[in-house]
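**Student:** compute the structure for the input listed below.
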Amino acid sequence: MSPSQLRHFPRRRTSVGASRDFVVGVLMEWQLTALIEDIRLCVSELATNALVHGVPPGREFAVRLDLADDLVRLEVRDSGDGQPLDQHPEEDSCSGRGLFLVGELASEFGVDHHAVGKTVWAAFKRPAAP
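**Tutor:** All right, here's what the predicted structure looks like:
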């Protein structure tokens, strides 16, 4: 069975930083330090989107990391009805690039829709063992 780590976060701004700390801790535990920077940036973007667009007041969002043979999968699940949009912001815009960055850094990226809410996920190739 593949290792998996899951944590729930309240609908607060501080949860974005806490979700970054969570994934860094898990990746260090799994000795996958080469992936820390990319996955930390992606969880920051996805957790921010969940808070701003997906998590209704009084609810939480969940962050999960799964370790498979050759992939690390990051998931951010919320119970809201907001849908992720891959925007193409203006060059001088200060926002709207998060999903683009996730798509560029991850090997795969997608959205799974549920009866309530959705899971936005990104998969990263594990580096070859030394």
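
**Student:** check which helix or strand covers Arg40.
**Tutor:** According to DSSP states H and E, Arg40 maps onto helix 36-49.

**Student:** gap between that helix and the chain center?
**Tutor:** Per C-alpha atoms, centre = their mean, to the nearest Å, the displacement of helix 36-49 from the mean C-alpha position of its chain is 5 Å.

**Student:** mind giving me the packing neighbours of the very next helix or strand once past that helix?
**Tutor:** Downstream of helix 36-49, the next assigned helix or strand under DSSP H and E is strand 60-67. The contact analysis (3 or more C-beta pairs under 8 Å, 6 or more residues apart in numbering; DSSP states H and E) places strand 60-67 against strand 4-10, helix 14-29, helix 36-49, strand 71-78. Placement of C-beta: from N, CA and C, glycine included.

**Student:** can you report how many residues lie near Asp38?
**Tutor:** Residues lying near Asp38 (other C-beta atoms under 10 Å) number 18.

**Student:** ok, back up a step: got the helices and strands packed on strand 60-67 as a markdown table, with distance to Ala106 columns?
**Tutor:** Converted to a markdown table, those look like this (distance: least, C-beta to C-beta, whole Å):
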| stretch | distance to Ala106 |
| --- | --- |
| strand 4-10 | 18 |
| helix 14-29 | 13 |
| helix 36-49 | 7 |
| strand 71-78 | 8 |
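
**Student:** lowest average confidence, helix or strand, in the protein?
**Tutor:** Least confident element among the helices and strands of the chain, by mean pLDDT, DSSP states H and E: helix 98-105 (a mean of 89).

**Student:** list the buried residues of it.
**Tutor:** Across helix 98-105, burial judged by 16 or more other C-beta atoms under 10 Å covers Gly98, Leu99, Val102, Leu105.

**Student:** ok, the first one - contacts?
**Tutor:** This means Gly98. Glu45, Leu46, Thr48, Asn49 (C-beta atoms under 8 Å, 6 or more residues apart in numbering).
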